[in-house]
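**Q** Compute the structure for the input listed below.
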Amino acid sequence: MSENSENRKPRTGNRKGVLLTIGLAFYCAAMLTLAAILIAHTRESREASNDASAVEAVSQAFAGIEKSFRDVFEKASGISLSLNGSAVVISEALPNNYAGGYGRAISGLASFAEGNAGGGAMSVSVSTTASRNSMPLVIKPYNITITHPGYNDAILVSPQSGVQSYAIRLNVPAEVNCSSSLSAGLDISLAITVTGDYNTSCSVSQSISALGTSLYGINNGTILVNVTDGTLKVESSQNGAEAEISVGPIPLAGTNTEVYLGDSMTVALATPAITRSAPPRLL
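**A** Numbering: from 1, shown residues only. Below you'll find the predicted structure:
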């Protein structure tokens, strides 16, 4: 384990206002795109002459609505997702001031989809309760859930199966000092790197136990990394802290890592009776 600090000049700049404007504009564009999708596939479902074409109409409508939710998430949630092998990388600012606006945007999109399926031929049902409450994401096939308890000031990573690594990078708009109390073990590889103003920085890299509690505090607990029984929580009361968290599940042979919203979506036809129900896929 190593910790160090130096001096450098403070950073400046804030893009949140610009990004929020872009997000709202993209949300409106997604609504228009979704309207065209629903009209097109409702007409296709009415004209479907057999089960195969009806299944295709439902599948295409589901894919189009799913894309609209993915577009809104990418532009309105303040969260960036990427893959690094089987690991999922989550990047966002803490506190995440987009959370409330994202909840309203995704709820509005769901209501629009449900109300514009058209003519009774096709129905759409979307649950957004979880997204409005804690913005959950699910990493499959590992069933690792990422939520935002308290809505915007923390990220909670809850694995149902084991993780092999957590790699956390924090960029803090202040001088930083760090302290740690880690539960030594061989279960989880933990790496934390913190950079701050005036070239101050801290870092640690070691294996910890999947049992017990490991704590890493920045600026007297203003930012806290907590791993308890394998569950990771990163919380911050420091405005503008930028977090990048890589969650590395224990790989399962022959599988691909995918990320889904924690809510469910259903597209259905009454005649013939065809239903597709699944959470919207993000990655």
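**Q** Low-confidence ranges, this structure, go.
**A** For the chain, the stretches with pLDDT under 70 are 1-51, 99-100, 117-120, 150-151.
**Q** what about the closest residue to residue 135 other than its chain neighbours, neighbour count?
**A** Leaving aside its chain neighbours, residue 135 sits nearest to residue 148 (4.5 Å; criterion: CB to CB, 6 or more residues apart in numbering). The C-beta positions use only the backbone N, C-alpha and C, and glycine is treated the same way. Using other CB atoms under 10 Å, the number of residues around residue 148 comes to 24.
**Q** ok, residue 148 - contacts?
**A** When contacts are counted by CB atoms under 8 Å, 6 or more residues apart in numbering, residue 148 touches 96, 99, 134, 135, 136, 154, 155, 156.
**Q** Out of the residues you listed, who's the most crowded?
**A** residue 135 (28 neighbours).
**Q** Return the residues in contact with that one.
**A** 77, 79, 96, 99, 102, 103, 147, 148, 151, 262.
**Q** and residue 193, how many neighbours does it have?
**A** 15.
**Q** thinking it is in contact with residue 171, fair?
**A** No: Residue 193 is beyond contact range of residue 171, at 9.3 Å (criterion: CB atoms under 8 Å).
**Q** ok, which stretches of the stretch 51-200 of the chain are strands?
**A** 80-84, 87-94, 122-126, 137-140, 144-147, 154-159, 163-171, 178-181, 184-195 (DSSP state E, counting those that start in this stretch).
**Q** partners of the longest one in the sheet?
**A** Each strand that pairs with strand 184-195, with its direction, by DSSP bridges: strand 163-171 (parallel), strand 201-208 (antiparallel).
**Q** Give the buried residues for the shortest one.
**A** Buried residues in strand 201-208, counting neighbours by 16 or more other CB atoms under 10 Å, are found at 201, 202, 204, 206, 208.
**Q** With stretch 210-230 instead?
**A** 210, 214, 216, 217, 218, 219, 223, 224, 225, 226, 227, 230.
**Q** what's the closest of those to residue 197?
**A** Lowest distance from residue 197 to these (CB to CB) belongs to residue 219, with 11.2 Å.
**Q** and residue 87, what does it touch?
**A** With the criterion set at CB under 8 Å, 6+ apart, residue 87 makes contact with 165, 167, 246, 247, 248, 249, 257.
**Q** quick one: what helix or strand has residue 275 in it?
**A** Assigned by DSSP states H and E, residue 275 belongs to strand 274-278.
**Q** What is that strand packed up against?
**A** Where contact means 3 or more CB pairs under 8 Å, 6 or more residues apart in numbering; DSSP states H and E, strand 274-278 is packed against helix 51-76, strand 265-269.
**Q** Span of stretch 214-230 from start to end?
**A** Using CA to CA, to the nearest Å, the end-to-end distance of stretch 214-230 comes to 9 Å.
**Q** Residue numbering should commence at 435 henceforth.
**A** Understood, numbering begins at 435; the last thing we discussed is stretch 648-664.
**Q** which other residues reach that stretch?
**A** Against stretch 648-664 from outside (CB under 8 Å, 6+ apart): 528, 593, 596-597, 600, 602, 604, 606, 608-617, 621-622, 624, 626, 628, 636, 638, 642, 644-647, 666-672, 675.
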